[in-house]
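Participant: can't give you the sequence, but here's the structure:
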Ligand SMILES: NC(=O)c1ccc[n+]([C@@H]2O[C@H](COP(=O)([O-])OP(=O)(O)OC[C@H]3O[C@@H](n4cnc5c(N)ncnc54)[C@H](O)[C@@H]3O)[C@@H](O)[C@H]2O)c1
């Protein structure tokens, strides 16, 4: 059965700007009742929330300044969001960076914070804990489905997101919690993450930044609004555990990950 966005409450990390902001916009367009914007950029977060509330003429968004890599801060954000809206239905763990030059921070954000966000989503929405179920969308990338020389550690973090989200998307968890886990894999999307990427390649490898820029430029690009349209399709139609790609300005599509036993080389 299709999931209805109308009247629901969402929490989105990294949504003060970039693709995350467009997720908020798109879901509100489809009747979302309220969204919590969780981001560490205080200025952009406040501006975004003011803009959304003015646009809809009522309180549809709140901002909670949070560094999602700090577990205590992310916990506090979930608590504040719950106190405000008294409900939670959709969590999008979106905040992420492509910055192999600061790989420990990159892993903390792309892996650890997505893990913390997934566990908090289960705590607040899981039926095993008195909740009513819901949806978690974790943001991987097409680079969770392929290799790329220019940013090997980023690629690793996005494979992590895919593996963890698919595993939480198994029936054991769903039957207990009523929470669906979905993976979104955007292709190259025009945000600062891409325009700045070559400055943040791993150090000490001559030409790696240029190679990364070339590799990214060879992939079809798109605007954040297209990924946001895909997010609406994913949330309303995605089966638990499914993985979807949104690339090149085209409609989102589901991918099938081959069983490893079919991958044997000889
Ligand atoms: N842009 C792309 O081509 C692309 C492609 C595939 C996947 N993605 C993924 O999509 C997600 C969003 O990317 P984007 O392009 O919109 O990035 P972006 O850099 O435009 O926006 C990221 C947002 O996250 C926030 N943020 C960063 N670190 C944070 C932290 N520690 N705590 C809280 N907020 C923090 C930033 O303030 C910003 O608002 C990321 O997970 C990224 O890996 C992006």
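Facilitator: Happy to help now that I have it. Just so it is clear, the structure is predicted and the values come from calculations on it, not from any experiment.

Participant: could you say what helices and strands the one helix or strand residue 183 maps to packs with?
Facilitator: Assigning secondary structure by DSSP states H and E places residue 183 in strand 179-186. For strand 179-186, the helices and strands in contact under the criterion 3 or more CB pairs under 8 Å, 6 or more residues apart in numbering; DSSP states H and E are helix 114-125, strand 134-139, helix 152-168, helix 171-177, helix 224-237, strand 243-246. Every residue, glycine included, has its C-beta placed from N, CA and C.

Participant: nearest to the ligand, of those?
Facilitator: Of all those, the one in closest proximity to the ligand, counting by CB to the nearest ligand atom, is strand 134-139 (4.3 Å).

Participant: just to revisit the earlier point, adjacent strands (with direction) for the strand holding residue 183?
Facilitator: Taking DSSP bridges as the criterion, strand 179-186 pairs within the sheet with strand 134-139 (parallel), strand 243-246 (parallel).

Participant: Just the angle for the longest one relative to helix 224-237, thanks.
Facilitator: If I follow you right, that is strand 134-139. Strand 134-139 runs at 150 degrees relative to helix 224-237, counting by axes from the mean of the first three to the mean of the last three CA atoms, to 10 degrees.

Participant: May I see the buried residues of strand 134-139?
Facilitator: Neighbour-count burial for strand 134-139, with 16 or more other CB atoms under 10 Å as criterion, is recorded at 134, 135, 136, 137, 138, 139.

Participant: Could I get those residues in JSON lines, plus columns for pLDDT?
Facilitator: Listed next are those as JSON lines, based on pLDDT from 0 to 100:
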{"residue": "134", "pLDDT": "98"}
{"residue": "135", "pLDDT": "98"}
{"residue": "136", "pLDDT": "99"}
{"residue": "137", "pLDDT": "99"}
{"residue": "138", "pLDDT": "99"}
{"residue": "139", "pLDDT": "99"}
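
Participant: re earlier: orientation of the strand holding residue 183 relative to helix 114-125 in degrees?
Facilitator: Strand 179-186 and helix 114-125 meet at an angle of 150 degrees, taking the same axes, to 10 degrees as the criterion.

Participant: Downstream of strand 179-186, the next helix or strand is which one?
Facilitator: Where DSSP H and E defines the elements, the next helix or strand beyond strand 179-186 is helix 192-195.

Participant: That next one packs against which elements?
Facilitator: Packing contacts for helix 192-195, counted by 3+ CB pairs under 8 Å, 6+ apart, involve no helix or strand.

Participant: Run a quick neighbour tally on the closest residue to residue 71 other than its chain neighbours.
Facilitator: Setting aside the residues directly before and after it, residue 71 is nearest to residue 116 in space (CB to CB, 6 or more residues apart in numbering), at 5.4 Å. One way to gauge burial is a neighbour count; for residue 116, by other CB atoms under 10 Å, it gives 21.

Participant: how much space is there between residue 116 and residue 4?
Facilitator: With the distance defined as CB to CB, to the nearest Å, residue 116 ends up 28 Å from residue 4.

Participant: Equivalent analysis for residue 193, please.
Facilitator: As judged by CB to CB, residue 193 and residue 4 stand 31 Å apart.

Participant: neighbour-wise, which of those two wins?
Facilitator: Neighbour tally, residue 193 and residue 4, criterion other CB under 10 Å: the higher count belongs to residue 193, 20 against 12.

Participant: which residues does the closest residue to the more buried one other than its chain neighbours contact?
Facilitator: Taking CB to CB, 6+ apart, and ignoring the residues beside it in sequence, residue 193 has residue 98 as its nearest neighbour in space, at 5.4 Å. Shown here is residue 98, whose contacts under the criterion CB atoms under 8 Å, 6 or more residues apart in numbering are 106, 151, 154, 193, 194, 197, 200.
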